[in-house]
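Enquirer: Give me a model of this one.
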Amino acid sequence: MPRLFTGIEIPAEIGLQLSSYRGGLPGARWIDPENYHITLRFIGDIDLSTARDVSSILGDTRRRDPFTVTIEGLDTFGGERPRVVFARAGNGDLTDMHQEQERLIRRVGLPPERRKFTPHVTLARLRDSSPIDVADYFATRGHFPRLTFTARRFVLFSSRDSVGGGPYVVEAAYPLG
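Expert: The predicted model follows:
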């Protein structure tokens, strides 16, 4: 049973810049730069027949032109119990793609995504990191330069069950434009 999600790949040169933020946070499990991505729609563990349906219907995505993605700052999910450090990503194109994929994936009978869409690149998953440790980590990172790249495709990724953080495999690619 594959675990699937769609996303935008992060170019190697942007990944290299993001990887400079690795380290200095107790309890962090850092994601390997080659596994950096922006998740558009988490699909989850599904049977092979449904996976084929998902792969096929994603081909119905409206062909839009390549677009610029901007990564602009560090943040965390989890509030008082921080669980992820990430780099914020955003623009309306990512949100539009997420919404379109949500509609398409629901057409094959999968339930709606429960979580609010927040475009980001996960840098680390946290285990027992205190809010003070996270605040100290952010305080020592200084200015985060704006990073931009052009998204020319989105992909259907698979991952191994219960691993989190990769390795991710590109199962299908869908060009933009």
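
Enquirer: Quick check: buried residues in the helix or strand hosting I57?
Expert: Assigned by DSSP states H and E, I57 belongs to helix 48-58. By 16 or more other C-beta atoms under 10 Å, the buried positions in helix 48-58 come out as T50, A51, D53, V54, I57, L58. For glycine as for every other residue, the C-beta is placed from the backbone atoms N, C-alpha and C.

Enquirer: Determine the longest strand present in the protein.
Expert: Counting by DSSP state E, the longest strand found in the chain is strand 67-77.

Enquirer: Touching the next helix or strand after it from outside, list them.
Expert: Note on strand 67-77: by DSSP H and E, the next helix or strand toward the C-terminus is strand 84-90. With contact meaning C-beta atoms under 8 Å, 6 or more residues apart in numbering, strand 84-90 is reached by 18, 21, 25, 28, 38, 69-78, 119-126, 134, 137, 144, 147.

Enquirer: Tell me the buried residues within those.
Expert: Buried subset of the contacts of strand 84-90 (neighbour count, 16+ other C-beta under 10 Å): 18, 21, 25, 28, 38, 69, 71, 73-74, 76-77, 119-126, 134, 137, 144, 147.

Enquirer: Just checking the distance from the longest helix belonging to the chain to the centre of its chain.
Expert: Assignment by DSSP state H gives helix 92-107 as the longest helix of the chain. From the chain centre to the centre of helix 92-107 is a distance of 14 Å (C-alpha atoms, centre = their mean, to the nearest Å).

Enquirer: I'd like to know which elements that helix is packed against.
Expert: strand 37-45, helix 48-58, strand 67-77 (3 or more C-beta pairs under 8 Å, 6 or more residues apart in numbering; DSSP states H and E).

Enquirer: in the shortest one, what counts as buried?
Expert: Buried positions in strand 37-45, judged by neighbour count with 16+ other C-beta under 10 Å: H37, I38, T39, L40, R41, F42, I43.

Enquirer: from these, which two are the most distant?
Expert: Distances among the buried residues of strand 37-45 were taken as C-beta to C-beta; the most separated pair is I38 and I43, at 15.1 Å.

Enquirer: so where's this protein shaky on pLDDT?
Expert: Flagging of the chain using pLDDT under 70 yields the residue ranges 1, 161-165.

Enquirer: Fine, thanks again, bye for now.
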